[in-house]
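>>> Pasting the sequence and the predicted coordinates here, then a few questions.
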Amino acid sequence: MPGIRSSAPRDPAGGKESSLTLDRGLALLQAVADADTEAPTISDLALAIGASRAAVYRLLVPLQTRGMVRREGSKVRLGLGLLQLAAKVAPQLRVAAQPALRELAETCGATAHLTVADGDEAQAVAVVEPTWTTYHVAYRVGTRHPLYKGAAGRAVGLRAEDGPWVVSLGELQPGAHGIAAPVRGVSGLRASVGVVSFEPIDAEVVGPRVVTAAHLVADALR
């Protein structure tokens with residue numbers, strides 16, 4: 001009839017199959033990554049994800065095409081394509097964290113930062129300086145220091161029972177006061193949000209603001 005269009009019925013089974021294939025592909029990539037030193041074999045990967053060797057071979061094809069993995073005979077290693085993806089992470093973290101860090105820097109009159117854990121080190125991936133202060137701490141993106149040093153590093157592993165934030169004085173820079181809170185609830189991310197200033201910081205006032213900023217950053221990254 002005029003004005004009536006027919007469409008092919010949706011195939012929920014096909015959609016489910018595609019979802020399962022994607023899930024298995026991701027599980028396979030994770031299994032390769034989890035083998036820290038010795039590259040896993042096809043048989044190892046089949047056992048790890050609960051699939052046949054033939055299924056592993058099929059799943060490897062698109063991962064190899066995109067450079068996510070590489071084959072060395074029967075062994076599989078992570079590919080350089082993952083480095084290209086990883087390089088995109090920090091800029092996206094900066095964009096997501098920018099509004100919360102800007103609000104924190106302006107309300108506290110201190111340099112605000114997002115710091116992530118990279119192995120045993122803490123690295124600043126986003127920094128926002130206040131616009132109205134006479135002077136403030138210069139804290140560069142890319143700055144690294146041990147996780148056990150400074151409020152930003154120690155806050156990354158802060159447990160809930162240890163309190164909502166961490167304070168520091170002169171641990172990274174003489175005379176610099178710091179306060180930081182962990183970013184929680186973002187899978188795979190170990191990070192903190194904090195401020196640093198040459199002026200003493202009232203933890204009872206600034207602490208809750210830092211915690212709020214950490215929550216906002218977590219929400220933006222989910």
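Done, it's in.

>>> Can you list the buried residues in the helix or strand hosting residue 122?
Counting by DSSP states H and E, the element that carries residue 122 is strand 121-128. Residues of strand 121-128 classed as buried by neighbour count (16 or more other CB atoms under 10 Å): 122, 123, 124, 125, 126, 127, 128. In this view, the C-beta of every residue, glycine as well, is placed from N, C-alpha and C.

>>> now that strand, how far from the chain's geometric center?
Offset of strand 121-128 from its chain centre (CA atoms, centre = their mean, to the nearest Å): 12 Å.

>>> now what about that strand, what contacts it?
Under the contact criterion CB atoms under 8 Å, 6 or more residues apart in numbering, strand 121-128 has outside partners 90, 93-94, 97-98, 101-102, 104-105, 111-117, 139-147, 150, 152-153, 156, 192.

>>> 7 Å - rerun?
90, 93-94, 97-98, 101-102, 105, 111-116, 139-147, 152-153, 156 (CB atoms under 7 Å, 6 or more residues apart in numbering).

>>> and what of stretch 203-218?
With CB under 7 Å, 6+ apart as the test, stretch 203-218 has contacts from 96-97, 100-101, 103-104, 107-108, 114, 164-165, 167, 179-186, 193-195.

>>> Buried ones in it, by neighbour count?
Neighbour-count burial for stretch 203-218 [16+ other CB under 10 Å]: 206, 207, 209, 210, 211, 212, 213, 214, 215, 216, 217, 218.

>>> And for stretch 157-177?
With burial defined by 16+ other CB under 10 Å, the residues of stretch 157-177 counted as buried are 158, 165, 166, 167, 168, 171, 172, 176, 177.

>>> Residue 150 against residue 168, yeah?
Yes: in terms of CB atoms under 7 Å, residue 150 counts as a neighbour of residue 168; the distance is 5.3 Å.

>>> any residues in contact with both of the two?
Between them, residue 150 and residue 168 share these contacting residues under CB under 7 Å, 6+ apart: residue 178.

>>> thinking again about what came up before, cross the buried residues of stretch 203-218 against helices and list the overlap.
Under the assignment DSSP state H, these contribute 206, 207, 209, 210, 211, 212, 213, 214, 215, 216, 217, 218 to helices.

>>> ok, so of the residues you listed, who is nearest residue 19?
Closest to residue 19 out of those is residue 218 (26.5 Å), distances taken as CB to CB.

>>> returning to what we had before: any chance of the ones in helices among the buried residues of stretch 203-218 in JSON lines, plus distance to residue 83?
As requested, those are arranged in JSON lines below (distance: CB to CB, whole Å):
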{"residue": "206", "distance to residue 83": "37"}
{"residue": "207", "distance to residue 83": "37"}
{"residue": "209", "distance to residue 83": "36"}
{"residue": "210", "distance to residue 83": "32"}
{"residue": "211", "distance to residue 83": "34"}
{"residue": "212", "distance to residue 83": "34"}
{"residue": "213", "distance to residue 83": "30"}
{"residue": "214", "distance to residue 83": "28"}
{"residue": "215", "distance to residue 83": "31"}
{"residue": "216", "distance to residue 83": "30"}
{"residue": "217", "distance to residue 83": "25"}
{"residue": "218", "distance to residue 83": "26"}
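
>>> Assign the residue positioned nearest the centre of the chain to helix, strand or coil.
What sits nearest the mean C-alpha location of the chain, by CA atoms, centre = their mean, is residue 189, with 3.7 Å. Of the three states, residue 189 takes coil under DSSP: H, G, I helix; E, B strand; the rest coil.

>>> All set now, cheers.
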